[in-house]
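Student: Build the 3D model from these lines:
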Amino acid sequence: MPVKYYLEKRPNKKMEHPIRLSAVVKGVRILSTTGFSVKKESWDDASMRVKVHQTNSKKQTSAFINRWLNGIEGVVLEFENTCRVRPSVEKVKEIINSYNPDVNPDDENLDENGEPIDNTPKRPSAIQYFDEFRKEQSISNQWTSGTMECWAAFRKHLLAVAKGNSFDFFNDDGINAFVRYLRVRAKMEEKTVQKHYLNLRWFINWAVRKGYAANREIGMVQPKFKVIEKPVIFLTKDELMKVYKYEIPANGTKVILHNYEGEEYEKVVHDATALAKTRDMFCFCAFTSLRYSDMAALKRTDINGDYIYVTTQKTNDRLPINLNSFAKEILDKYKDCKFPNGTALPVISNQKMNEYLKDVCELCEINDPITRVCFRAGQREETTQAKYELIGTHAGRRTFICFALSSGIPPQVVMKWTGHCDYKAMKPYIDIAEKVKAEQMAIFEQGLKG
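Tutor: This is a model prediction of the structure:
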């Protein structure tokens, strides 16, 4: 908010405090008086407006004064949105002084009791500040397009619940109403509900720091979330090598497969070329730890002997990654191909690659049953699917991390390859690696006994 109002500490002769303003436009700050004065008990610090049904010594009503304050704020906001360069102090003062509506305090409407009707426009709604929040945070936190899409979805839910209400809406009842909407109306999984709630806390805490909101209840309201972590989906060594060596059948080929219950079914192969490219790109991620975005952006110029040098799109880290023989073999397969923008590998959109990858893993009969449990709208849901149905491009990176850790490579070495900056992000993989090593030790012990 570029304009803030406050009372001068020293009262005038009529024991009223002048209302002063502080305006900041493109970094240019000015302090000025508004020409209005009110008693201290007539002023609301939270809304920065005169309380309803108040009149000062000049017979100016709260409605009249607040309309002026809102008008000044409006012209400054409009100027800030249209100004493309840093203005001078004189220009900002000129804009403020330019507000001079044809309003007479004697023209105020009166209610049936003879009291002035407070026509004060509502304080800007929370949703009006959201775009400022998203713009500011996206720049300071370098949000990716995917993160921007997530916040666009959050905005839609925020608008559905808060509508045109100000931040005052988000008291205990308002916060619970937001959570209830996500659970009941949007029918989200509890993990997603929790994520949106944390986003709401972020937004409102930002508004409090900015002075747009006085409500701090967001830090005290703590809804209970029944969150069950999803299983980490990755390929075992045998599954990965099966995918890596699998020859994609020609288009139109009918392949006999088996589901996880052993029942036979038939699948017809389509888009064999795309499936082969998907297989190679996924395996390259699994052999190098790259995310889809970094694999798709990898250029020939990023390859230097036994290393690739990647500036990750998510964290902007510059990472040197060792190339093993499997990754080199994939790069060599496409070394004579010319792709747009000089990329080293063929690029398929993440969405289409996810679709093709499920087909590849289904053809490889990677169909162990995976059971997922979650809570939705307060109800426990349990679903069992074949593993290939849950495979996505990020499973390649997970596969690399899990295999590296279970092979005994220290986490700090793996983190050098993956770009993870703390153990918190690595913990789920470390837990899996410990479980795998325990299972392998049990097999080793059984072998000794046999």
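Student: So Arg372 is in contact with Pro231, correct?
Tutor: Yes: assessed by Cβ atoms under 8 Å, Arg372 is found in contact with Pro231 at 6.5 Å. Yep, even glycine has a C-beta here, placed from its N, CA and C like the rest.
Student: what's near enough to touch the residue positioned nearest the centre of the chain?
Tutor: Centroid check for the chain by Cα atoms, centre = their mean gives Thr147 as the closest residue, at 4.2 Å. Residues near Thr147 by Cβ atoms under 8 Å, 6 or more residues apart in numbering: Ser138.
Student: Just list what the helix or strand harbouring Glu329 packs against, helices and strands only.
Tutor: Per DSSP states H and E, Glu329 falls inside helix 325-333. Where contact means 3 or more Cβ pairs under 8 Å, 6 or more residues apart in numbering; DSSP states H and E, helix 325-333 is packed against helix 272-288.
Student: What average pLDDT does the helix it packs on get?
Tutor: Averaging pLDDT along helix 272-288 yields 95.
Student: do stretch 54-65 as well
Tutor: pLDDT averaged over stretch 54-65 gives 88.
Student: how far away is Lys335 from Glu329?
Tutor: To Glu329, Lys335 is 11 Å away according to Cβ to Cβ, to the nearest Å.
Student: Looking at these two, which has the bigger crowd around it?
Tutor: Using other Cβ atoms under 10 Å, the more surrounded residue of Lys335 and Glu329 is Glu329, with 15 against 10.
Student: contact partners of the host helix or strand of Gln194?
Tutor: Using DSSP H and E, Gln194 maps to helix 190-210. For helix 190-210, contacts defined as Cβ under 8 Å, 6+ apart pick out 1, 126, 129-130, 133, 137, 151, 154, 157-158, 167, 170, 175, 178-179, 182-183, 188, 213-216, 218-219, 223, 225-230, 374-376.
Student: So how do I select the buried members of those in PyMOL?
Tutor: To isolate the buried ones among these in PyMOL, judged by 16 or more other Cβ atoms under 10 Å, type:
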select buried, resi 1+126+129+130+133+137+151+154+157+158+167+170+175+178+179+182+183+188+213+215+218+374+375+376
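Student: and Gly392, that's in a strand?
Tutor: No: counting by DSSP: H, G, I helix; E, B strand; the rest coil, one finds Gly392 to be coil, located in no strand.
Student: pLDDT value on it, please?
Tutor: 94.
Student: Burial check on it, number of neighbours?
Tutor: 16.
Student: That one and Arg398: what is the separation?
Tutor: Gly392 is 9 Å from Arg398, by Cβ to Cβ.
Student: tell me, what's touching those two both at once?
Tutor: Common neighbours of Gly392 and Arg398, using Cβ under 8 Å, 6+ apart, are Ile233.
Student: circling back to that earlier point, helix or strand next in line after the helix holding Gln194, which one?
Tutor: helix 237-245.
Student: Tell me which strands the helix or strand that that next one is followed by pairs with, and in which orientation.
Tutor: Remark: after helix 237-245, the chain's next helix or strand is strand 254-258, criterion DSSP H and E. Strand 254-258 pairs in its sheet with strand 264-268 (antiparallel), by DSSP bridges.
Student: what does the partner strand rub up against?
Tutor: Gly252, Thr253, Lys254, Val255, Ile256, Leu257, His258, Asn259, Glu362, Leu363.
Student: Then stretch 15-35?
Tutor: 2-12, 36-40, 43, 50, 56-57, 65, 68-69, 72, 76, 79-80, 83, 85-89, 92-93, 95-96.
Student: rewinding a little: what's the PyMOL line that selects buried ones from the contacts of strand 264-268?
Tutor: Buried subset of the contacts of strand 264-268, written as a PyMOL selection, criterion 16+ other Cβ under 10 Å:
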select buried, resi 362+363
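Student: Many thanks, have a good one.
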